[in-house]
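Asker: Next come a sequence and a model predicted from it.
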Amino acid sequence: AASFTGNGGLVMDGGRIRIKNSSSTQPELVGDNTAYILTGGTVEFYGTSAIQQQQMRGNYTSAGTKPKVNYYNVDINADASNYSTIAGAGNVDLNSSFTLSGTMNVNSPAVLRMDKEESIDSTGTFNVKNGSGLLYGGSEGTPSSAIEGLEADASAGVNSGNIRTTNRSFSSSASYGFVSSGNMPTGTGLPSTVAGLYVYKTNAADMVTLNNATTTTVNGILSLQNGKILSSGTNKLILEKVGTASIVSPANAGGVTNMGYENSYVIGSMGRITNAADVENIFPIGSTSKYGPISLTPKTSSSQTYTCDYVSSGYGTYTLDPSNSPQLDHVSKVEYWNVSSSITPSANDDAKIKLFWRTHSQVSATNTDWANLRVVHFDGTDWNTEINTTTNISGSTPTWGWVQCDNYAANFSPFTIGTITANNPLPVELTYFTGTCLEDGISQISWATASEFNSKQFVVERSEDGVHYTLVAVVPAAGFSNQVISYSITDTS
């Protein structure tokens, strides 16, 4: 049926009603005069394309109240999967919670969307089938009032998460995604293997925490559109090998797509499965506050899982190996990456390391200085340079570029960006910089550093037009420090 409209309700004890209309909430019957009584039969939603969405009714009007519809059987079908946009994804979108007494199937290639605080509960059976998709935003449960995701079964309480039916199954050959605003857990029901994973949160700051007590391996698309995934050693996100799995994301600060970006990436440990030599593997990772991707190119075709994570602060030890040639001037004190392999120690785990610089990296504003950057590696005692030439350094601006070692790194431990000159990265880690007007014509400028490495002085200038600057003061710097140091000047000019 295209649609049924009116003040009546839907009464079924058998048969099937098929609904294709996508222009309004379905079924359109509002239930003013007759309640929804569904004791048998199947309500089917079908026919939507990759950019169409049907709204599914969750309640109806009865004597001024809004009772939930108690569906019997429901089939969710579609002509193509709809993962079109953050707001428009989902072939069928619940407009409110409802109950289920029969069986509800989400069939391939359809995608069901359940936003925050929408749930399906009661004694029925809910199935996410192979090749289908489920997007969910979490829901408060009882007795806990915390937001829950997908719970594996009713033992956690039928009133937990988006799916609360007595029986439920979530296929490992289906895709899953996260929508709506706010932080949320994935829930214990997220399978350990999924066909795809979609991060479609409302806000970039929204965080999705993997808490299904196992690793989660993505065999298809990892779509990073908005929001972060929090991964850890015990609940780690793993991406299958290149050619089986892929990353989909908007352009980052360097104009590069499909490697995560500033609004969406993985926080914490992330794994990638490899079994091909000389194939680059991107890790779209970062810290809670900074996007910090890395890539590895294995030397051999040995099957293994590389694990990487990013830290947006200095490693804490900055001693340089005196045998480096050419000798390093200093290494970054604002970031580092951890790298490991599932087959370490082994000659088959060797890989080329590519580190990407962004604004946080504080490389020189002069592009000729970038040729002096190096991939460096901490061996437990001091920092060593990995061999790299200018052919493996590429940058478009001080806010985006990369440096890759020429050789295959044979040992894994922290890596960061170093330089053979004093020009980059910036050797001072600022904690704040503020200006305060004390009275007419008098300003106080204050700043502090968390650490300093080979710093000589601070040159403070001011400008009335942002183009022409005049000198205010030159303040001697500490030179070398691992402690917070505060500075202040008064400008009376």
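Answerer: Looks like it came in fine.

Asker: Find me the pLDDT at the residue lying closest to residue 227 once chain neighbours are set aside, would you?
Answerer: Excluding the flanking residues, the one nearest residue 227 by CB to CB, 6 or more residues apart in numbering is residue 201, at 2.9 Å. Heads up, the C-betas are built off the backbone N, CA and C, glycines and all. Here, the pLDDT recorded for residue 201 equals 98.

Asker: Now do stretch 99-114: distance from first to last residue.
Answerer: When the termini of stretch 99-114 are compared using CA to CA, to the nearest Å, they are 14 Å apart.

Asker: returning to what we had before: how near is the residue nearest to residue 227 to residue 291?
Answerer: 15 Å (CB to CB, to the nearest Å).

Asker: Please report phi then psi for the residue nearest to residue 227.
Answerer: Main-chain dihedrals, residue 201, degrees, to the nearest 10: phi -70, psi 160.

Asker: Also the one 10 residues further on?
Answerer: Residue 211 adopts backbone torsions of phi -140, psi 30, taken as degrees, to the nearest 10.

Asker: What ranges does the stretch 301-450 of the chain have for its strands?
Answerer: Using DSSP state E, counting those that start in this stretch, the strands assigned to the stretch 301-450 of the chain run over residues 304-311, 330-331, 336-341, 351-358, 373-378, 383-385, 393-397, 400-404, 415-419, 428-439, 442-453.

Asker: Now mean neighbour count too, for the ones you listed, in a markdown table please.
Answerer: Shown next, in a markdown table, are the strands of the stretch 301-450 of the chain (neighbours: other CB atoms under 10 Å):
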| stretch | mean neighbour count |
| --- | --- |
| strand 304-311 | 22 |
| strand 330-331 | 24 |
| strand 336-341 | 20 |
| strand 351-358 | 24 |
| strand 373-378 | 26 |
| strand 383-385 | 22 |
| strand 393-397 | 16 |
| strand 400-404 | 22 |
| strand 415-419 | 25 |
| strand 428-439 | 13 |
| strand 442-453 | 18 |
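
Asker: Can you add mean pLDDT and distance to residue 59 and give those back as TSV?
Answerer: Below are the strands of the stretch 301-450 of the chain laid out as TSV (pLDDT from 0 to 100; distance: least, CB to CB, whole Å):
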stretch	mean pLDDT	distance to residue 59
strand 304-311	97	45
strand 330-331	92	60
strand 336-341	97	50
strand 351-358	96	47
strand 373-378	95	58
strand 383-385	94	63
strand 393-397	89	53
strand 400-404	96	49
strand 415-419	95	55
strand 428-439	85	51
strand 442-453	85	54
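
Asker: Relative to residue 211, which of the ones you listed is closest?
Answerer: strand 304-311 (17.9 Å; CB to CB).

Asker: what does the closest one rub up against?
Answerer: Here strand 304-311 makes contact (CB atoms under 8 Å, 6 or more residues apart in numbering) with 236, 238, 268-275, 281, 283, 285-287, 290, 292-294, 296, 298, 335-343, 348-349, 351.

Asker: One more pass at 7 Å, please.
Answerer: Contact partners of strand 304-311, identified using CB atoms under 7 Å, 6 or more residues apart in numbering, comprise 238, 268-274, 281, 283, 285-287, 292, 294, 296, 335-343, 349.

Asker: Narrow these to just the buried residues.
Answerer: 238, 268-274, 281, 283, 285-287, 292, 294, 296, 335-339, 341, 349 (16 or more other CB atoms under 10 Å).

Asker: Can you pick out the ones from those that are in helices?
Answerer: Counting by DSSP state H, these place none of their members in helices.

Asker: how deep is the residue nearest to residue 227 tucked in, by neighbour count?
Answerer: 27 (other CB atoms under 10 Å).

Asker: Tell me the spacing between the closest residue to residue 401 other than its chain neighbours and residue 11.
Answerer: Distances taken as CB to CB, 6+ apart put residue 395 closest to residue 401, at 2.5 Å, once the chain neighbours are dropped. Distance, residue 395 to residue 11, using CB to CB: 68 Å.

Asker: same question, residue 438
Answerer: Separation of residue 438 from residue 11 (CB to CB): 77 Å.

Asker: ok, now residue 465?
Answerer: Residue 465 is 74 Å from residue 11, where distance means CB to CB.

Asker: Pick out whichever of those two has more residues nearby.
Answerer: Using other CB under 10 Å, the more surrounded residue of residue 465 and residue 11 is residue 11, with 13 against 6.

Asker: The more buried one contacts residue 37, correct?
Answerer: Yes: the pair residue 11 and residue 37 qualifies as a contact (CB atoms under 7 Å) at a distance of 4.7 Å.

Asker: Residue 434 pairs with what?
Answerer: Beta-bridge partners recorded for residue 434 (DSSP bridges): residue 446.

Asker: my read: it touches residue 446, true?
Answerer: Yes: applying CB under 7 Å, one finds residue 434 in contact with residue 446, separated by 5.2 Å.

Asker: And for residue 134, the neighbour number?
Answerer: Using other CB under 10 Å, residue 134 is surrounded by 26 other residues.

Asker: In three-state terms, how would the closest residue to residue 131 other than its chain neighbours be classified?
Answerer: Among residues not flanking residue 131 along the chain, residue 108 sits closest, at 2.9 Å (CB to CB, 6+ apart). At residue 108 the chain is in coil, as set by DSSP: H, G, I helix; E, B strand; the rest coil.

Asker: Paired strands for the helix or strand residue 121 falls within, with orientation please.
Answerer: Using DSSP states H and E, residue 121 sits within strand 120-128. The pairing partners recorded for strand 120-128 under DSSP bridges are strand 98-100 (parallel), strand 103-106 (parallel), strand 163-170 (parallel).

Asker: So what touches the first one?
Answerer: Residues from elsewhere that reach strand 98-100 (CB under 7 Å, 6+ apart): 58-59, 68-71, 120-122, 124, 126, 165.

Asker: Who are the contact partners of the closest residue to residue 203 other than its chain neighbours?
Answerer: Spatial nearest neighbour of residue 203, excluding adjacent residues (CB to CB, 6+ apart): residue 181 at 5.7 Å. Contacts for residue 181 (CB under 7 Å, 6+ apart) come out as 116, 201-203, 206.

Asker: now these in TSV, with distance to residue 385 and secondary structure?
Answerer: Compiled in TSV, these are given as follows (distance: CB to CB, whole Å; DSSP: H, G, I helix; E, B strand; the rest coil):
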residue	distance to residue 385	secondary structure
116	49	coil
201	40	strand
202	44	coil
203	40	coil
206	39	coil
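
Asker: If any of those residues are buried, give me the ChimeraX selection for them.
Answerer: Provided next is the ChimeraX selection string for whichever of the contacts of residue 181 are buried by 16+ other CB under 10 Å:
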select :116,201,202,206
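
Asker: Output the lowest mean pLDDT helix or strand found in this protein.
Answerer: When each helix and strand of the chain is scored by mean pLDDT, DSSP states H and E, strand 480-481 comes last, with a mean of 71.

Asker: need the next SSE after that strand, C-terminal direction.
Answerer: Next element after strand 480-481 (DSSP H and E): strand 485-491.

Asker: Show me which residues of that next one are buried.
Answerer: Of the residues in strand 485-491, 485, 487 count as buried by neighbour count, 16+ other CB under 10 Å.

Asker: helices or strands next to it in the packing?
Answerer: strand 442-453, strand 457-463, strand 469-476 (3 or more CB pairs under 7 Å, 6 or more residues apart in numbering; DSSP states H and E).

Asker: Would you reformat these as JSON lines and include distance to residue 371?
Answerer: As requested, the helices and strands packed on strand 485-491 are arranged in JSON lines below (distance: least, CB to CB, whole Å):
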{"stretch": "strand 442-453", "distance to residue 371": "21"}
{"stretch": "strand 457-463", "distance to residue 371": "25"}
{"stretch": "strand 469-476", "distance to residue 371": "28"}
